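Undergrad: sequence first, then the predicted structure, then my questions.
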Amino acid sequence: MKIHPQTAREYQLEQGRPARIGNEKGSVTVTVNVLENIQRDTVVVEGIWPASAFPDWIGINLLISAEPAAPNGGAVFHDTAVWVEPV
């Protein structure tokens with residue numbers, strides 16, 4: 001997960017260390033990547049990684065709704081609210 005240095009400090013997250021991100025749907029473990037060019041209070045997890053890329057074998061899509069997109073259905077990839085904590 002990419003995160004701004006100030007936000008990482010606020011949540012006691014350290015470069016290269018594991019962290020959990022989650023919401024009401026569940027949580028996943030990711031590695032922290034502290035970068036200056038990320039907007040504060042924003043977490044970025046790029047790409048579609050297979051479940052095997054995550055320590056718990058549960059992928060990032062756990063945090064995204066499976067509801068079809070309006071108006072004609074289909075997959076949606078969008079922003080979602082999450083909490084973060086060190087592992």
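TA: Sure, I can see it. Quantities reported herein were computed from a predicted structural model and do not represent experimental measurements.
Undergrad: going by C-alpha atoms from here, please, whenever you check contacts or count neighbours.
TA: Will do.
Undergrad: nearest residue to Leu13 in space, please, no chain neighbours.
TA: Pro86 (5.6 Å; C-alpha to C-alpha, 6 or more residues apart in numbering).
Undergrad: need the contact list for that neighbour.
TA: With contact taken as C-alpha atoms under 8 Å, 6 or more residues apart in numbering, Pro86 is in contact with 11-13, 17-20.
Undergrad: the residues you listed into TSV, with extra columns for secondary structure and pLDDT?
TA: Below are those laid out as TSV (DSSP: H, G, I helix; E, B strand; the rest coil; pLDDT from 0 to 100):
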residue	secondary structure	pLDDT
Tyr11	coil	97
Gln12	coil	98
Leu13	coil	98
Arg17	coil	97
Pro18	strand	95
Ala19	strand	96
Arg20	strand	96
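Undergrad: Ser29 sits in which helix or strand?
TA: One correction, residue 29 is Thr, not Ser. Using DSSP states H and E, Thr29 sits in strand 26-31.
Undergrad: can you name every helix or strand that that strand contacts?
TA: strand 18-23 (3 or more C-alpha pairs under 8 Å, 6 or more residues apart in numbering; DSSP states H and E).
Undergrad: now do the helices in this protein.
TA: Under the criterion DSSP state H, helices of the chain are mapped to 5-10.
Undergrad: coming back round to it: distance of the residue nearest to Leu13 relative to Gly73?
TA: Distance of Pro86 to Gly73, computed by C-alpha to C-alpha, to the nearest Å: 36 Å.
Undergrad: partner residues bridging the residue nearest to Leu13?
TA: Ala19 (DSSP bridges).
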